[in-house]
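Novice: sequence plus the predicted model coming up.
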Amino acid sequence: MSSDPEIRIVRSDRRRRTITARWIEEGKIMEVLAPAAATDAELAPIIENLKGRMLRHRERVETADDGALACRAAELNRQYFGGRLVWSEIRYVANQQHRYGSCTPATRTIRISHRLAAMPAWVRDYVIVHELAHLQEGNHGPRFWRLVNRYPKTERARGYLICLGLEAEGDEAGEMDVE
Ligand SMILES: [Zn+2]
C-alpha cells in the first residue's frame, strides 16, 4: 500500500535521550527527532522499529472500516442494551481531533474519531458503548453511567483515554451535538 517513507533525521542539543518520530509532508516523510550525540549506527535499529510501528498504525487508521464498526455496534447493542437501541448511522470521521466520538440523538447518528481505529479493541468498544448509551441518555448523569458501566472495561478504558488527553474533553455535553 504505502511505499517506503523517506526518513529525515533532525538532531537537537536540547534532546538528551528521547527519540521520537512523526509524519510530515502528508505522510511522505518520517521525521525522526534525536539527541545531537546519537550516531547513525545507534539510530538505525530504533528508526527501523519506529517505522514499523508507525506504518502499522497508519494502515489501521487508513483502513478504518465503517462496515466493521456498524457490526461491532450491533453486537454491543445486543450484549449491553438488550438489542433495543436504534440508530441511523455510525461511522468514522477524521475531523474529531480532540474528542473520541459524538452522538446526535435528534438524528440518531454516531461519529467515532478515526483515531479509535488504531486503538485496542476494548477501548474502541468502550467508546461505542458510551455513544450508544447517549441514544438513551443525552447527558452524563448517574443513569447514563449505570448504562455504560455494564461494559466491564469502562474504568480501564477511561483511564487509557485520559492518558491520551481525550477523556478530559471526551464528548462532554457542551461539545456533544445534543439538540
Ligand atoms: Zn458522552
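Specialist: Ah, there it is. As the structure is a computational prediction, the values presented were derived from the model and not from experiment.
Novice: got a pLDDT number for the residue nearest to the spatial centre of the chain?
Specialist: With distances taken as Cα atoms, centre = their mean, Leu116 lies nearest the centre of the chain, 2.5 Å away. With respect to pLDDT, Leu116 scores 91.
Novice: any idea how far Ala94 is from it?
Specialist: Leu116 sits 11 Å away from Ala94, going by Cβ to Cβ, to the nearest Å. Quick note: C-beta positions are derived from backbone N, CA and C, even for glycine.
Novice: what's the first-to-last distance across stretch 7-26?
Specialist: 13 Å (Cα to Cα, to the nearest Å).
Novice: that one - what's its average pLDDT?
Specialist: 86.
Novice: still on that earlier bit, and the residue nearest to the centre of the chain, what does it touch?
Specialist: Tyr92, Tyr100, Gly101, Val123, Arg124, Val127 (Cβ atoms under 8 Å, 6 or more residues apart in numbering).
Novice: Gly67 versus that one, what's the distance?
Specialist: From Leu116 over to Gly67 the distance is 15 Å, taken as Cβ to Cβ.
Novice: again with Ala74
Specialist: In this view, Ala74 and Gly67 are 11 Å apart by Cβ to Cβ.
Novice: neighbour count: the two, which is higher?
Specialist: Each of Ala74 and Gly67 has its neighbours counted (other Cβ atoms under 10 Å); Ala74 has more, 14 against 8.
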